[in-house]
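# build the 3D model from these lines:
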Amino acid sequence: MADTLNFTAVQEALKHLYLPGLCYQLNDKASPFLAQIERKTENVVGMDIILAMRYGRVGGIGNRADDGTLPTPNSRKTKQAKWETKNIFARFRITDKVIRASRSNVGAFASMLEQEIADCEADARLDQSRQALGDGTGKLCTISAVAHAAGVLTLTVDNTMYLADGMLLDVIDASATPNAPLANGAGLEVTLVDDATGQVQLACANDISANVQANADYLVVSGNLDRELTGVGAVMDAGTLYGLSRTTYPWLKAKKFNVNGEISENVMQKYIDLVEIKTASTVGFIQCAHDVRRAYIDLLNANKQTVNSLELKGGWKALSYNGIPLSPDKYLPNGTLDLLDLNDWGLYQMADWDWMDMDGAMLKQVTNKPAYEATLLKYCDIGCRRPAGQARLYGITGH
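Below you'll find the predicted structure:
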C-alpha cells in the first residue's frame, strides 16, 4: 500500500483487526445490565426466538397417611412465547475524496478509518444501552409544546436525556392506528438540544406544527418505531409481552411498587423479600437511576456505613448492597430502581456482531454516491423467562 490503497487489506483489517474489538465494546461496554446477561443462540430458530415460559407450581407434592394415596402429579404449566429477533445496524461512511486525498499516506487513511469506526462504535454502544432499558416502541420523549419558524421545528419535550445534536428523528402521530410518523415529520435532524429548557430544535422545511398533538405525540429514532429491543421497560410494562397478553396470563406481570419517598435499606429488603417469597427468585442484580444511587450513598454516609464496591463483568463497578451489585444506569428514569434475577434474562441472538459482507465486500461503494460505507449488523432480542421474578421500585426521592 505504498502509492495506492489496497482495499483487500482494508477488508482484512475490518474483519480480523477491528471486528473482535467492536464485538467486545458493543456486548460488554454498552451497559452493566447487557454485560451481565448471557448471550444465547439455542432458543433462536430461524429468525424467531422461542421460549418456554414456565409458571405455576408442581401439583404432585403433599403429605399423606402412611398407607394413603400418593399425591397426584401435576406438572408446572408451560406457555410458549415466540417472537421475531430485532434487526440492529450500525453504518459508517467515508467519501472517495477523503480516500484519494490520503492515498499516498496509508497512515492518514488508517487514522480516518479508525475515527469513523470509533465514532460509529461509540454511538451504537449508547443506543444499545438505551434500547436495553426501553420498552421496544422506541419512544424517546413526549412533546408538550410546538412552534415553527424559518425552517426550524422547536419542540418542548418531557425528557431530553436521550436526545443529541445530529440525531435523525421521526415525529410520531399517537392518534394513528397503528402509530406512524406524521407527514413531513420523518428523518428530521436535531440541530439543538437545550436541557435547561427542555427544548429540542429540528430542521424541518415544512410547517407541521398544526398537526402535532401536545402531550400525546412523541419522538423516536428515525425508522425505529416498534422495532427496538424488548428491553427491561417492556418487562416492567403492563401491555402484551412476547405476543402474550398479561391480562390472560397474569404471571407475566413484573412486580411494581411506588416508594413515594426516600430510599432505605429496609425498603429495598422489603421488596427483595416480597419478590423472592412470591416467586422463589433470587435477586442478584440491582440497577438504578443516578439520582437513586446518590440517595443510596447519602443513606450509607448518614448511617456511617462503608461504601463498598464490586467488580462486574465488562469492567463495570457497582456498589454493594448485602453483596448484591447495585449499579447505576444513565438511561433509567429518575427515581427508579430495578431488582433483577439475571438467571431469567438472556440476549438471544442468531449470531454475534458481524459485517454485512454476503457479497464478499465489507467496505463497498454507496450506490450513485462518491463514497464507501460499511455496515455492522446483529439479529437478536432480549428475553426474560420469568417476568414475575423481577421488580421495579419507582417514586424514589432522588438526591
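# from here on, contacts and neighbour counts on C-alpha atoms
Fine.
# bridging residues for E38?
G346 (DSSP bridges).
# that one reaches Q349, doesn't it?
No. E38 lies out of contact with Q349 (CA atoms under 8 Å); the separation is 10.5 Å.
# ok, these two, which is more surrounded?
The neighbour comparison of E38 against Q349 (other CA atoms under 10 Å) goes to Q349, with 24 against 14.
# the nearest residue to that one once chain neighbours are set aside: neighbour count?
Once flanking residues are discounted, Q349 sits nearest to C380: 4.0 Å by CA to CA, 6 or more residues apart in numbering. Applying other CA under 10 Å, we find 27 other residues in the vicinity of C380.
# G56 too?
Other residues near G56 number 11, with proximity taken as other CA under 10 Å.
# do the same with the one 3 residues further on
The criterion is other CA under 10 Å. On that basis, G59 has 12 neighbouring residues.
# for R125, same thing?
21.
# backbone dihedrals for it, please?
With angles defined as degrees, to the nearest 10, R125 sits at phi -60, psi -40.
# you'd agree it is up against P32?
No. With contacts counted by CA under 8 Å, R125 stays clear of P32, the gap being 11.8 Å.
# gap between the longest strand anywhere in the chain and the chain center?
Longest strand in the chain, counting residues (DSSP state E): strand 371-384. Centroid separation for strand 371-384 versus its chain: 13 Å, with CA atoms, centre = their mean, to the nearest Å.
# partners of that strand, with directions?
Strand partners for strand 371-384, identified by DSSP bridges, are recorded as strand 86-95 (antiparallel), strand 345-349 (antiparallel), strand 354-355 (antiparallel), strand 364-365 (antiparallel).
# just these: most buried one?
Counting by mean count of other CA atoms under 10 Å, strand 345-349 has the highest mean neighbour count of the strands paired with strand 371-384, with a mean of 22.
# in stretch 39-48, which residues are buried?
39-40, 43-44, 48 (16 or more other CA atoms under 10 Å).
# how about these, which pair is most distant?
Maximum pairwise distance among the buried residues of stretch 39-48 (CA to CA): 15.2 Å, between R39 and D48.
# where does the stretch 51-200 of the chain have low pLDDT?
102-107, 109 (pLDDT under 70).
# quick check: mean pLDDT of stretch 11-21?
Average pLDDT, stretch 11-21: 88.
# what's around the nearest residue to E262 once chain neighbours are set aside, how many residues?
Using CA to CA, 6+ apart and skipping the chain neighbours, the partner closest in space to E262 is T397 (4.9 Å). Neighbour count of T397, defined by other CA under 10 Å: 16.
# ok, V10 to Y372 distance?
Distance, V10 to Y372, by CA to CA, to the nearest Å: 12 Å.
# spit out the residues that contact those two alike.
Contact criterion CA atoms under 8 Å, 6 or more residues apart in numbering; residues shared by V10 and Y372: L363.
# who's sitting farthest from the centroid in the protein?
The C-alpha centroid of the chain is most remote from D67, which lies 56.6 Å away (CA atoms, centre = their mean).
# rebuild the strands paired with strand 371-384 as JSON lines, extending it with distance to G323.
Written out in JSON lines, the entries for these read as follows (distance: least, CA to CA, whole Å):
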{"stretch": "strand 86-95", "distance to G323": "34"}
{"stretch": "strand 345-349", "distance to G323": "20"}
{"stretch": "strand 354-355", "distance to G323": "36"}
{"stretch": "strand 364-365", "distance to G323": "50"}
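# which among those is found nearest to A101?
strand 86-95 (10.0 Å).
# contacting residues for the residue lying closest to A374 once chain neighbours are set aside?
Leaving aside its sequence neighbours, A374 sits nearest to L363 (CA to CA, 6+ apart; 4.8 Å). Residues near L363 by CA under 8 Å, 6+ apart: 10-11, 372-374.
# how many residues are close by T177?
With other CA under 10 Å as criterion, T177 counts 7.
# check the secondary structure at it for me.
Under DSSP: H, G, I helix; E, B strand; the rest coil, T177 falls in the coil class.
# rewinding a little: and which of the contacts of L363 is nearest L244?
Using CA to CA, those come closest to L244 at A374, 37.1 Å.
# just checking, the closest one touches Q365?
No. Assessed by CA under 8 Å, A374 is found out of contact with Q365, at 9.0 Å.
# what segments of the stretch 151-300 of the chain are helices?
For the stretch 151-300 of the chain, the helices defined by DSSP state H, counting those that start in this stretch occupy 232-236, 265-279, 290-302.
# most packed of these?
Most buried of those by mean neighbour count (mean count of other CA under 10 Å) is helix 232-236; its value is a mean of 23.
# report the mean confidence score over that one.
For helix 232-236, the per-residue pLDDT averages 97.
# can I get it in PDB? Just the C-alpha atoms.
Coordinates of each C-alpha in helix 232-236 appear next as PDB, following Å, rounded to 0.1, in the frame of the first residue of the first chain:
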ATOM      1  CA  VAL A 232     -36.300  -4.100  30.700                       C
ATOM      2  CA  GLY A 233     -39.000  -1.400  30.300                       C
ATOM      3  CA  ALA A 234     -41.100  -3.800  28.300                       C
ATOM      4  CA  VAL A 235     -40.900  -6.500  31.000                       C
ATOM      5  CA  MET A 236     -41.900  -3.900  33.700                       C
END
